[in-house]
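*Asks:* dropping a prediction and its sequence here:
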Amino acid sequence: MAQAVIAVRGGLDAKSRCAEALDGPERARLTAAMLEDMLGAVSRCADVSATWVVTPTPELAELADRCGARAVRQKGAHGLNAAFRQALALVGDQAPYDPVVLMPGDLPLLEPDDLGAAIRLLRTHGVVLAPSLDGGTSLLGVRAGARLTPAFGPDSFRRHAAEARASALSVAVVVAGSLSRDVDRPEDLVHLLLHGPTTRAGAFLLERLPQPPRA
C-alpha cells in the first residue's frame, strides 16, 4: 500500500498556456474537474492507503476534503516541486514505512490499474517513473526510506532517472496512456475531448468548446 500525493495549483492563473482556448474562470473550473477525476481514480486503486492533495488554492483544498483526501495548504514558495517537498516531509512523519507516489494534478485520464501497476513495482525497485510525452515526469514513486529530490518540469524524466541511478536506486519505468498525457496546452484539450469525454474534465470541455481548438 502506498501514499498518493497530488500537487495542484488552481485559480484564475492556472493552465495559462491554454489561455487561447479558455479564460481564467474556465481554466480554474477545468483544474478542479481534473483534480476530481484524479481523486476518483485514486480512490478506486486498491494499492493506495491514503491520498494527499497539496495546493495553495482554498477551493481545491475544500474539494479534496469533500472527496475524502487529506488536504495540505501549500506554504512558502508556490511551485510544484516545493509542494512535493512539503508533502514528502509530512507523509514521512505520518507514514514513514509506506512508499509514496507523486503526481501533478493534470492527469484526468488516470486509470486505477496503471497507478496500481506503478505502486506494485515499488516492491522491487527504489524508484518508479512514468514519462510524459514531452520528456517530463507524470508520476514519481519512491520506496519507503529512499530519497529522491522532486524535480518535475522540462526534461525531468531523464533527470529523475539519473539522480536515482547516482544514488544506487533501481529504476522501473511505467509507460501507460493514462499517465503519459498531462493537460498543459490547447492540443492536450483536444486529446482530452477525444479520449475522455465522460470524465468530469472532458464533459466540462464539451460544454465550453463546441469548436475545439486546433491540435
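*Replies:* Now that the structure is in, tell me what you want to look at. No experiment lies behind these values; they were computed from the predicted model shown.
*Asks:* in the protein, spot the helix with the most residues.
*Replies:* The longest helix of the chain (DSSP state H) is helix 24-43.
*Asks:* tell me what it is packed against?
*Replies:* If contacts are counted by 3 or more C-beta pairs under 8 Å, 6 or more residues apart in numbering; DSSP states H and E, helix 24-43 sits against strand 2-7, strand 48-55, helix 58-66, helix 112-121, helix 200-208. Quick note: C-beta positions are derived from backbone N, CA and C, even for glycine.
*Asks:* of the ones you listed, which is nearest residue 127?
*Replies:* helix 112-121 (9.3 Å; C-beta to C-beta).
*Asks:* what angle do strand 48-55 and that closest one make with each other?
*Replies:* 110 degrees (axes from the mean of the first three to the mean of the last three C-alpha atoms, to 10 degrees).
*Asks:* list of residues touching helix 112-121?
*Replies:* Residues outside helix 112-121 that contact it (C-beta atoms under 8 Å, 6 or more residues apart in numbering): 1-2, 4, 41-42, 44-48, 99, 101, 128, 130, 139, 141, 172, 174, 176-179.
*Asks:* hmm, try it at 7 Å
*Replies:* With contact meaning C-beta atoms under 7 Å, 6 or more residues apart in numbering, helix 112-121 is reached by 2, 41-42, 44-47, 99, 101, 128, 130, 139, 141, 172, 174, 176, 178-179.
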